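Visitor: predicted coordinates and the sequence they were generated for:
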Amino acid sequence: MILAVTMNPSVDISYSLAEFKLDDVNRVEQVRKTAGGKGLNVARVIRQMDEDVLATGVLGGTLGDYIIQELSNTEIASDFLKINQESRNCIAILHDGQQTEILESGPTLTEEDGAAFVKKYQELLSAVSIVTISGSLPKGLKTGYYQQLVEIGREQGIPAIVDTSGESLRQVLLHQVKPFAIKPNITELSQLLGQEVKSETGSLHQALSDELFQGIEWIVVSLGSEGAFVKHGADFYRVTIPEIEVVNPVGSGDATVAGLAAAMKQNLPVADVLKTAMTTGMLNTMEAETGSINYANFSQLFEMVKVTKIHA
């Protein structure tokens with residue numbers, strides 16, 4: 001089973017408008033509400049791949065109850081730490097060919113909340129083979145919190161795929177105990193190194209050779225329509241993808257993480273791991289719903305992904 005961690009889940013609300021009028025009334029007929037947060041997108045795609053997944057994290061209030069119900073409706077098992085605070089809403093207004101987002105920050109966790117989730121996490125690890133840790137940390141938790149989860153997993157022999165950014169990711173990388181895999185995009189990679197990283201092979205090769213990334217088994221740098229650049233152990237790969245019709249790119253990184261986790265759980269060869277991850281990412285862009293794929297189209301796209309080993 002795969003454990004998908006979302007520390008700051010949300011109810012994602014999408015309003016679709018032909019025109020967004022400021023300082024006026026906007027009436028909405030098309031409304032979509034889903035259990036949101038990067039880790040829940042990961043869990044949804046893993047489940048759509050017919051893999052066993054357990055969603056966990058921290059939530060509370062009526063919005064927390066709604067999230068659990070939505071997961072249950074899509075046959076996703078969950079075991080969250082419940083707190084006496086309300087979980088958050090995240091609103092996306094789709095208008096005039098644009099997307100305006102209004103994101104609540106969510107609850108502020110106490111030190112006791114953080115410790116309580118660590119205890120739950122340790123218990124859940126006994127029944128899983130791989131962990132995904134996705135998204136931002138809630139307020140109140142120290143930036144090194146994800147590193148604690150990574151280290152606990154390593155102690156129990158459970159590999160962790162970490163998909164976060166900013167100081168949370170930096171703290172994970174600075175520690176001696178490294179995550180099994182990370183999935184930065186090129187902007188996040190540039191921020192980590194404090195210098196511009198370009199999508200050319202030479203620039204990416206040099207960036208991933210930095211000491212900061214030593215000891216990480218898999219580094220998958222997503223490059224949007226250009227595919228990905230990957231470091232696995234001492235080897236480097238360029239992954240190219242076919243041109244597809246993009247409906248909604250939001251959540252594609254989460255779908256990529258889902259593909260990585262599922263393929264790693266199945267112990268697939270390197271090329272197939274990468275092709276699976278790219279395929280699930282592409283499938284997400286072809287759907288209107290965030291963090292969702294039509295698995296019936298998997299095989300066709302999978303065969304169109306090309307993996308090339310880079311020889312230095």
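Guide: That came in fine, so what should we check first? Not measured: the values here are computed from a predicted model.
Visitor: that's a helix at residue 57, yeah?
Guide: No. Residue 57 is assigned strand when assessed by DSSP: H, G, I helix; E, B strand; the rest coil, not a helix.
Visitor: ok now stretch 54-71, how far from the chain's centre?
Guide: Taking CA atoms, centre = their mean, to the nearest Å, one finds the center of stretch 54-71 at 17 Å from the center of the full chain.
Visitor: tell me what the closest residue to residue 28 other than its chain neighbours is bridged to.
Guide: Using CB to CB, 6 or more residues apart in numbering and skipping residues adjacent in sequence, the residue nearest residue 28 is residue 15, 4.6 Å away. The C-beta positions use only the backbone N, C-alpha and C, and glycine is treated the same way. Taking DSSP bridges as the rule, residue 15 bridges to residue 31, residue 93.
Visitor: and residue 15, how far from residue 103?
Guide: 14 Å (CB to CB, to the nearest Å).
Visitor: report the contact partners of the residue nearest the centre of the chain.
Guide: In the chain, the residue lying closest to the centroid (CA atoms, centre = their mean) is residue 254, at 3.5 Å. Residue 254 makes contacts with 38-39, 41-42, 45, 134, 163, 284, 291, as judged by CB atoms under 8 Å, 6 or more residues apart in numbering.
Visitor: so for residue 15 and residue 103, which residue has more residues nearby?
Guide: Counted by other CB atoms under 10 Å, residue 15 and residue 103 do not tie: residue 15 has more neighbours, with 19 against 13.
Visitor: how close does that one get to residue 99?
Guide: Counting by CB to CB - residue 15 and residue 99 are separated by 10 Å.
Visitor: which neighbours do these two share?
Guide: Counting by CB under 8 Å, 6+ apart, the shared contacts of residue 15 and residue 99 are 92-93.
Visitor: isn't residue 20 up against residue 93?
Guide: Yes. Under the criterion of CB atoms under 8 Å, residue 20 makes contact with residue 93 at 5.9 Å.
Visitor: what is the host helix or strand of residue 5 packed up against?
Guide: Using DSSP states H and E, residue 5 falls within strand 2-6. Under the contact criterion of 3 or more CB pairs under 8 Å, 6 or more residues apart in numbering; DSSP states H and E, strand 2-6 touches helix 38-48, strand 53-60, strand 130-134, helix 252-265.
Visitor: most tightly surrounded among the ones you listed?
Guide: Burial of the helices and strands packed on strand 2-6 is given as mean neighbour count (mean count of other CB atoms under 10 Å); helix 38-48 ranks first at a mean of 28.
Visitor: now do that helix: which elements does it pack against?
Guide: With contacts taken as 3+ CB pairs under 8 Å, 6+ apart, helix 38-48 sits against strand 2-6, strand 53-60, helix 61-73, strand 130-134, helix 252-265.
Visitor: what are the contacting residues of it?
Guide: Contact with helix 38-48 is made by 2, 4-7, 9, 35, 53-55, 57, 67, 71, 74-76, 132-135, 163, 251, 253-255, 257-259, 261-262, 280, 284, 290-293, 295, as judged by CB under 8 Å, 6+ apart.
Visitor: which residues of the stretch 101-250 of the chain fall in strands?
Guide: Under the criterion DSSP state E, counting those that start in this stretch, strands of the stretch 101-250 of the chain are mapped to 130-134, 160-163, 181-182, 218-222, 228-232, 235-240.
Visitor: can you lay out those as JSON lines showing distance to residue 145 and mean pLDDT?
Guide: Output for the strands of the stretch 101-250 of the chain, formatted as JSON lines (distance: least, CB to CB, whole Å; pLDDT from 0 to 100):
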{"stretch": "strand 130-134", "distance to residue 145": "10", "mean pLDDT": "98"}
{"stretch": "strand 160-163", "distance to residue 145": "12", "mean pLDDT": "97"}
{"stretch": "strand 181-182", "distance to residue 145": "16", "mean pLDDT": "97"}
{"stretch": "strand 218-222", "distance to residue 145": "21", "mean pLDDT": "96"}
{"stretch": "strand 228-232", "distance to residue 145": "26", "mean pLDDT": "97"}
{"stretch": "strand 235-240", "distance to residue 145": "31", "mean pLDDT": "97"}
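Visitor: ok, back up a step: nearest spatial neighbour of the residue nearest to the centre of the chain, chain-adjacent residues omitted?
Guide: Leaving aside its chain neighbours, residue 254 sits nearest to residue 41 (3.6 Å; criterion: CB to CB, 6+ apart).
Visitor: so which of the strands of the stretch 101-250 of the chain is nearest residue 119?
Guide: Ranking the strands of the stretch 101-250 of the chain by their distance to residue 119 (criterion: CB to CB) puts strand 130-134 first, at 15.6 Å.
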